[in-house]
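*Asks:* Here you go, sequence then predicted model.
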Amino acid sequence: MTAVSSVFVSVVCRLRDERDLVESLLEDLTRVLRANYENWEIVLVDDGSRDGTTARVKELLGRYEGVRLLRLSRAFGLDVAITAGLESAIGDVVVTLSAETDPPDLIPQLVELARRDNAAVYGVAPSRRRGFLRESGARVFYWMCRSLLDVPIQPHSTQLRALPRQAVNAIVEIKDRHRYLRALTPYIGYETRTVEYRPISRSGRSPRESLFDAADTALAVIVGNSTRPLRMVGWIALGASFLNLVYIGYVFAVRIFKTRVAEGWMTLSLQNAGMFLLLFLILAVVTEYVGRILDETRERPLYYIAEEANSSVMVPSAERRNVVRESR
């Protein structure tokens, strides 16, 4: 029989139109947490659900202890919702997972790795099936992040992760509005570990992100976490400027050493087309960064909480450690 650990474990889960999954999720989570830990909590973040998810959670609060509900005022997105849960969680180790696809039985393994190595632990699910276009795009994206942008995102990583308290404190201090936790976690510099697993399906449906949403996320990650695209475009612009200086010298040389010069319509047209292409490329990149700077300088809160609700019994164990005092 597994010994019950005294470590305080918080589980953060974002809910989005998942009324039918809440009961089975809480049943599995409490079964695992009761069997392994003295002190634990479950933080459910309702990210603008419209199917009565909040009402269903409230119905279940009287049956399950250690559950807290945060209902955001509208849908703010996956990573912001998880951030709201991280800011509210008080555990020594905080586990985040997907209500639809992540098995709670992995929590003890993730927590043990995070505690033993003081590392951020990622769940990796390489067996997910994707079309050729999506798989090729994902490989190009991960290669660019690793080789060109210095953003070390673990390929095929999922929402399933375990973070020690120090890592959680570091992440919640980052106030980027366009946030991607799989990029922010390596940024803070903690050791990382990975655990491969096979995703489950509580609803029987395969969750699928549209190709447009995937491309939009990739663009947000690249622009929000690295200035190298801007630097690369700057070097291209300098190279093009040098070539134009060479071309100007060539025009003067032709004018000096040739008595008759044919009208250079084709050359002039190619030059103008190339320069306008370069200028618009630079303009596209610069405007993306300017838009991101505008968002960051507004200093608006990441999210707003419309409602909070708790279980009738908040702490399974009568004695709870002050985990915040141990943080650094």
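*Replies:* Nice, thanks for sending it over.
*Asks:* which ones are touching Ala309?
*Replies:* Counting by C-beta atoms under 8 Å, 6 or more residues apart in numbering, Ala309 touches Val57, Lys58, Leu61, Arg68, Leu69, Arg71. Yep, even glycine has a C-beta here, placed from its N, CA and C like the rest.
*Asks:* secondary structure element for it?
*Replies:* For Ala309, the host element (DSSP states H and E) is strand 305-310.
*Asks:* what does Gln159 give?
*Replies:* Using DSSP H and E, the element containing Gln159 is strand 157-164.
*Asks:* and if you look at Val195?
*Replies:* Val195 is located in strand 192-196, with elements delineated by DSSP H and E.
*Asks:* Hmm, Leu29 is touching Pro104, no?
*Replies:* Yes - applying C-beta atoms under 8 Å as the test, Leu29 and Pro104 come out as touching, 5.0 Å apart.
*Asks:* So which residues of the stretch 101-250 of the chain form helices?
*Replies:* In the stretch 101-250 of the chain, the helices defined using DSSP state H, counting those that start in this stretch lie at 107-117, 132-143, 165-172, 181-187, 211-225, 228-257.
*Asks:* Could you point out which residue ranges in the stretch 101-250 of the chain have low pLDDT?
*Replies:* Applying pLDDT under 70 to the stretch 101-250 of the chain flags the ranges 127-132, 149-150, 204-214, 216-217, 223-227, 248.
*Asks:* hmm, 50 instead?
*Replies:* Scanning the stretch 101-250 of the chain for pLDDT under 50 picks out nothing.
*Asks:* before we move on, back to that, between the strand holding Val195 and helix 165-172, how big is the angle?
*Replies:* Here strand 192-196 runs at an angle of 100 degrees relative to helix 165-172 (axes from the mean of the first three to the mean of the last three C-alpha atoms, to 10 degrees).
*Asks:* For Arg31, which non-adjacent residue is spatially closest?
*Replies:* Among residues not flanking Arg31 along the chain, Pro104 sits closest, at 7.6 Å (C-beta to C-beta, 6 or more residues apart in numbering).
*Asks:* burial of that neighbour, as a residue count?
*Replies:* Counted with other C-beta atoms under 10 Å, the neighbours of Pro104 add up to 22.
*Asks:* go on, the one 3 residues further on?
*Replies:* Neighbour count for Ile107, taken as other C-beta under 10 Å: 24.
*Asks:* separation between it and Ser311?
*Replies:* Distance, Ile107 to Ser311, by C-beta to C-beta, to the nearest Å: 19 Å.
*Asks:* sorry, back to before: which positions within the strand holding Val195 qualify as buried?
*Replies:* Within strand 192-196, the residues that qualify as buried are Thr192, Thr194, Val195, counting by 16 or more other C-beta atoms under 10 Å.
*Asks:* just stretch 173-190 next, same as before
*Replies:* Neighbour-count burial for stretch 173-190 flags 176-186, 188, 190 (criterion: 16+ other C-beta under 10 Å).
*Asks:* Distance from the chain centre to it, please.
*Replies:* Remark: stretch 173-190 is offset 8 Å from the chain centroid, using C-alpha atoms, centre = their mean, to the nearest Å.
*Asks:* Endpoints of that stretch, how far apart?
*Replies:* The first residue of stretch 173-190 is 15 Å away from its last residue (C-alpha to C-alpha, to the nearest Å).
*Asks:* follow-up on the earlier one: out of the helices of the stretch 101-250 of the chain, flag the one nearest Glu38.
*Replies:* Closest approach to Glu38 among the helices of the stretch 101-250 of the chain is made by helix 107-117 (12.9 Å; C-beta to C-beta).
*Asks:* So which other helices or strands are in contact with that closest one?
*Replies:* On a contact count with 3 or more C-beta pairs under 8 Å, 6 or more residues apart in numbering; DSSP states H and E, helix 107-117 meets strand 5-15, helix 22-36, strand 93-98, strand 120-124, strand 157-164, strand 192-196.
*Asks:* most tightly surrounded among these?
*Replies:* Mean neighbour count (mean count of other C-beta atoms under 10 Å) peaks for strand 93-98 among the helices and strands packed on helix 107-117, with a mean of 26.
*Asks:* Who does that one pair with, and is each partner parallel or antiparallel?
*Replies:* Its sheet considered, strand 93-98 pairs with strand 5-15 (parallel), strand 157-164 (antiparallel) by DSSP bridges.
*Asks:* Now the residue positioned nearest the centre of the chain: closest residue in space, sequence neighbours ignored.
*Replies:* Centroid-nearest residue in the chain, with C-alpha atoms, centre = their mean: Tyr180, separated by 2.6 Å. Nearest non-adjacent residue to Tyr180, counting by C-beta to C-beta, 6+ apart: Val221, 4.8 Å away.
*Asks:* Contacts only, for that neighbour.
*Replies:* Residues near Val221 by C-beta under 8 Å, 6+ apart: Phe141, Cys145, Val151, Ile153, Tyr180, Ala183.
*Asks:* repeat for Ile222
*Replies:* Met144, Cys145, Leu149, Val151, Pro229.
*Asks:* count of neighbours near the last one?
*Replies:* Applying the criterion other C-beta under 10 Å, we find 17 residues in the vicinity of Pro229.
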